[in-house]
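*Asks:* pasted the sequence and its predicted model underneath.
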Amino acid sequence: MSNKIYVGNLSYNLQEANLEDAFAAFGTVQSAKIIVDRDTNRSKGFGFIEMATSAEAASAIEGLNATELDGRQLNVSEAKPMARR
């Protein structure tokens, strides 16, 4: 399993620090990134978390998938590699 986690259905008002805090309960968060639209600089509603170990990532996925954060039910899963363009 990878250390990188996909997080979907994020609130558009959520900040990266809030996302990092939610995942910090499951281990060391190496990075937290919310993807934003480059034209409007508004959140696209999803992001990525990188945990220190794959065990921490698995624990975070199990613990946070289908839970509520900032009024939205999260979709948390292992991140898939980016498709070639």
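*Replies:* Nice, I can see it. Residues are numbered from 1 along each chain as shown.

*Asks:* pull up the distance across stretch 20-37, start to finish.
*Replies:* Taking CA to CA, to the nearest Å, stretch 20-37 runs 20 Å from one end to the other.

*Asks:* report the buried residues of it.
*Replies:* Neighbour counts using 16 or more other CB atoms under 10 Å place Ala22, Phe23, Phe26, Gly27, Val29, Ala32, Ile34 of stretch 20-37 among the buried residues. From N, CA and C alone the C-beta is placed, and that goes for glycine too.

*Asks:* contact partners of that stretch?
*Replies:* For stretch 20-37, contacts defined as CB atoms under 8 Å, 6 or more residues apart in numbering pick out 3, 5, 10, 14-17, 19, 42-44, 46-53, 55-57, 59-60, 63-64, 69.

*Asks:* where in this structure is pLDDT low?
*Replies:* 1 (pLDDT under 70).

*Asks:* could you say which helix or strand contains Lys44?
*Replies:* strand 43-51 (DSSP states H and E).

*Asks:* where do the helices sit along this protein?
*Replies:* Using DSSP state H, the helices found in the chain span residues 16-24, 54-64.

*Asks:* would CSV of these with distance to Ser77 be doable?
*Replies:* Formatted as CSV, the helices of the chain follow (distance: least, CB to CB, whole Å):
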stretch, distance to Ser77
helix 16-24, 13
helix 54-64, 6
